[in-house]
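In: have a look; sequence and predicted model below, questions after that.
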Amino acid sequence: MNTRLVASRRYKADASLVIGIALIGIVIGMALVSYLWTPYNPTQAMPADRLQGMSADHIFGTDRYGRDTFTWIMYGARVTLLVGVVSVAIAALIGVPLGVLAGMTPYGWLSGLIMRGNDLLLAFPALLLAIVFSAVFGPGTGPAMVALGIASIPGFARVARSGTLQVMSTEYIMAARAANRRILPIAVFHVLPNIAGMIIVQASVAFALAILAEAGLSFLGLGTQSPTPSWGRMLQESQQYLSSHPMLALWPGLFIAAAVLGFNLLGDGLRDRFDPKLKGRD
Amino acid sequence: MPAHTSAATPPAPVSKRSLLEVTDLSITTAQTTLVHPTSFTIAPGERVGLIGESGSGKSLTSSAVMGLLPDELTATGSITLTGTQGNLLERSDRQIARLRGLNMSMVFQEPMSALNPLMRVGAQVAEVMRIHRTQSKTSAAKRAIDLLGLVQLPDPQTTARAYPHQLSGGQRQRVMLAMALANDPQLLICDEPTTALDVTVQRQVLDLVLDAVTTSDTGLLFITHDLAVVASVCEKVMVMYHGEIVEAGATEQIFTDPQHDYTRGLLAASDLTATDDDGRLFTIATARAYDAARLSRSRFTPPEPQVATASGPADDTGAVDGTGPVDGTGPAGDTRPQTAFRPDAAQEQAPLIEIEALHKTYQRTKSGLFSRADTVDALTDVSLSIRAGQRFGIVGESGSGKSTLLKILSGLEPLTSGYVRVGDCEIASATQAQLRAMREELQIVFQDPFASLDPRMQVADIVAEPLVAMGVPAAQRREKVSEMLEAVGLDAGSSTRYPHQFSGGQRQRISIARALVCRPRILVADEPVSALDVSVRAQVLNLLTDLVEDYELTLVFVSHDLGVVRHLCSDVVVMKDGRIVESGDVASIYDHPQHEYTASLVAATPTLAAALNDRAG
């Protein structure tokens, strides 16, 4: 009874990791293949073939201009991943050093300043920040990525800080200080490797949120602009055909869901892997 | 044969009807066998000790009895308990749970984590009775208070309303004991119940356990790695090694006339007053030369120091020759190596480390916005001086401020007031650069070999850390690291491995290598062997002795273990509550303690010789 419970729990952790990686693999695979080959040219309109259903020629059908939906899904994966990578990179590159700094000087004014600034940033919803950015810099993928990245900084900073506080209280940090290591080598060689697991989990969750936010922004017309294919814009364009051709909205929606689910499952699976409480059982 | 006829062991207690009967118990994983078929019995009121090192399977055995084995393990064989039907191993979890806490109960090692932090301790004790419906709600609460009184907690009424974090470690372990005794179990299992406690507290808890089992005729299975503790508590001992009980018998017989090589090794390694011909502690490997009967024999002859041969138990004269029981003048004990310490030369020069009127107060973080931040005195008026080449021991229980003292010495913690000088560096006024230079001369070996090595770093990088900080070029670093690894007895292949691939003793060797790689003059060791098994402890202590001699180090050795300090150090200070209560050379402190705290510490420290004495007396 109990045996099964524990076993099923571990199995679940592994399952979410495997499914997550498979879903993400599909999205990445499509993005990579799109550079080499797509069934059709994404920008080539074929009025004769407009609004077709699924067929051997167009497996996902075509849109109102006769463009191949499958081709657009493949191209859309590029933007989706680009936004995820860039915004997570911005957030991690700024948030992690700030968090580590705050964690290494827990009682100083610097730590207070960083974390209160963090709280301030946390008060702005990511989408609001992105709307402000598109108002100032004009709508586009670039400003959207930067805005999403900035909005995810607080998450990374908080995770990095709490991890750093834990690591700094260990005896091996004391040993490193006794060995005369300076603050920067301690941060780079001791703290970062030991909080890497937590950061990776945070990154996969932030990635999922960024994908969702980009789709939302593009749907509102504030994200990726025409003619670059994007899943969010496909959703928006299919809006008026929702009653007559629901499949047009189904495909981009399905892929957004798959990508978000994939990164969330990956995050869950990694969290279980890195969870110190579960570690002893292996 | 050792002629200890007068020490003839009393016949092993005749087992009445047995209370617990374990037959051919074996515990396996899918791949390996962890406990080989094992059989033993415990009679009502019998106190049985199970000793062995970490990983020997002793805790698994007790878990199997309690039905608490992890699900990945399978146990076969049979376990029967009087008053219950059939084989416990064949019962479901639910059925076993009805017995736990009622017919048999357990006291765990970690009093810090074994209690629910959100529940008042009185309620936790009462809960045990409520679960098994042995008492009504009101009478359970009343009995809980009685039980807390029984385990000698001060003011049981108030204590019952306290939360675990408000109690000390010893008090929590008493609460655990009260919980275990709540339903008058027939069998009490104690798994290293005092390992995490200070010696004076340990003595009290052990007395309580003894009292409880003798008055109610409870069977006791006592698991520990400490031979002295087991000798003072148990009448029967089983020795476990690699998942097998290699030897079992009456306590005296096991500790005076061990038959198995491993038992002899364990005994030799834990006897810190005995040394081999080279003045080194015995290890499992060198234990053949150890005379196992010396501990018990010593009490039958006048304790005049003799130059007896330490070789071979098959020496009849050895039985007549008494060896000093407690004063450390074992056959070869006097040849304790002191080449690095030449008193005449050393006394002339100024002390290497000087501390005068040192105070350290910690500021507690404020608990509320308007509450005053209170201060805690960690060190009060500490003064001491250590000469070059001296081996200086600092003894104290947890919270005595000894670790704080070390941190201040190494410049890792600022001091509040006073004068501290290490070499020619005055800590209080030193710049960071001066502190760095000082730390190249003073290195630390930390207590916990599992926490003091970065799990994500390779051994070579760990050992090289002080060199990197000194700016030694990479090629030279590699050379020095491999040289040092060899010096601490690790093979060259270990440099590319990670800490988790090593055992506790090997990790502590890595830690020592890191401390000595930059060739400091002073080695500060913070409880370096307290987390190690007995046999490994002897090896590491021998290694430290060798290295201190080879590198002509000044050793500052901090420990709560009086035996270890006595073996290793020439001078000692005793600390309590941040103050030095007594200082002097080892022999006079141990044999003629002036301060009552020192006396109580010495008295409370369990030694095999004393325990065997009591048993015979």
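Out: It's in.
In: find the nearest non-adjacent residue to the residue of chain A positioned farthest from its centre, please.
Out: Most distant residue from the mean C-alpha position of chain A: residue A:178, 39.9 Å away (CA atoms, centre = their mean). Distance criterion CB to CB, 6 or more residues apart in numbering or on different chains; nearest residue to residue A:178, sequence neighbours excluded, is residue B:444 at 4.7 Å. Glycine gets a C-beta too; all of them are placed from N, C-alpha and C.
In: give me the next element, helix or strand, following the host helix or strand of the one you found.
Out: Using DSSP states H and E, residue B:444 maps to strand B:442-445. For strand B:442-445, the following helix or strand on the C-terminal side (DSSP H and E) is helix B:459-470.
In: for the helix or strand encompassing residue A:265, buried residues please.
Out: Residue A:265 is part of helix A:247-274, with elements assigned from DSSP H and E. Residues of helix A:247-274 classed as buried: A:248-253, A:255-256, A:259-273 (neighbour count, 16 or more other CB atoms under 10 Å in any protein chain shown).
In: which elements pack onto that helix?
Out: Counting contacts by 3 or more CB pairs under 8 Å, 6 or more residues apart in numbering or on different chains; DSSP states H and E, helix A:247-274 packs against helix A:2-36, helix A:69-104, helix A:192-219, helix A:231-237.
In: just want the angle from that helix to helix A:69-104.
Out: Using axes from the mean of the first three to the mean of the last three CA atoms, to 10 degrees, the inter-axis angle of helix A:247-274 relative to helix A:69-104 is 30 degrees.
In: flag the shaky bits of chain B, pLDDT-wise.
Out: Along chain B, segments meeting pLDDT under 70 span B:1-16, B:293-349, B:364-373, B:617.
In: near chain A, which residues of it show up?
Out: Neighbours of chain A within chain B, by CB under 8 Å from any CB of the partner chain: B:70-72, B:92-93, B:407, B:410, B:412, B:436, B:439-440, B:443-444, B:446-448, B:451-457, B:461, B:465-466, B:468-470, B:511, B:514.
In: just the buried subset of those, please.
Out: B:407, B:410, B:436, B:439-440, B:443-444, B:446-448, B:451-454, B:456-457, B:461, B:465-466, B:468-470, B:511, B:514.
In: surely residue B:529 meets residue B:539?
Out: No. Applying CB atoms under 8 Å, one finds residue B:529 not in contact with residue B:539, separated by 9.5 Å.
In: phi and psi next, for residue B:357.
Out: phi 50, psi 50 (degrees, to the nearest 10).
In: re earlier: surely the residue farthest from the centre of chain A touches residue B:439?
Out: Yes. Contact between residue A:178 and residue B:439 holds when scored by CB under 8 Å: they sit 6.3 Å apart.
In: in the helix or strand containing residue B:380, what's buried?
Out: Applying DSSP H and E as the criterion places residue B:380 in strand B:375-386. Across strand B:375-386, burial judged by 16+ other CB under 10 Å covers B:378, B:379, B:382, B:384, B:386.
In: same question for stretch B:506-526.
Out: Within stretch B:506-526, the residues scored as buried using 16+ other CB under 10 Å are B:506-518, B:520-526.
In: and if you look at stretch B:545-561?
Out: Judged by neighbour count (16+ other CB under 10 Å), stretch B:545-561 contains these buried residues: B:545-548, B:553-561.
In: quick check: closest non-adjacent residue to the residue in the stretch 501-617 of chain B positioned nearest to chain A.
Out: Using CB to the nearest CB, the closest approach of the stretch 501-617 of chain B to chain A is made by residue B:514 at 6.8 Å. For residue B:514, ignoring the flanking residues on the chain, the nearest one in space by CB to CB, 6+ apart is residue B:463 at 4.9 Å.
In: what about that neighbour, distance to residue B:246?
Out: Separation of residue B:463 from residue B:246 (CB to CB, to the nearest Å): 36 Å.
In: and if you look at residue B:528?
Out: 29 Å.
In: of those two, who's got more company?
Out: residue B:528 (29 against 18; other CB atoms under 10 Å in any protein chain shown).
In: check contacts around the more buried one.
Out: By CB atoms under 8 Å, 6 or more residues apart in numbering or on different chains, the contact list for residue B:528 reads B:445, B:446, B:447, B:508, B:511, B:512, B:540, B:544, B:557.
In: the last one in helix, strand or coil?
Out: This means residue B:557. strand (DSSP: H, G, I helix; E, B strand; the rest coil).
In: right, and it touches residue B:392 too?
Out: Yes. Here residue B:557 reaches residue B:392: they are 6.8 Å apart, a contact under CB under 8 Å.
In: residue A:20: neighbour count?
Out: 22.
In: also residue B:417?
Out: Residue B:417 has 12 nearby residues by other CB under 10 Å.
In: skipping its backbone neighbours, what lies nearest it in space?
Out: That would be residue B:359: by CB to CB, 6+ apart, it lies 4.6 Å from residue B:417.
In: and residue A:224, by the same measure?
Out: residue A:230 (3.7 Å).
In: and what of residue A:222?
Out: residue A:134 is the one closest to residue A:222 (CB to CB, 6+ apart), at 4.3 Å.
In: pretty sure the one you found sits in a strand.
Out: No. If the criterion is three-state DSSP, then residue A:134 is helix and not within a strand.
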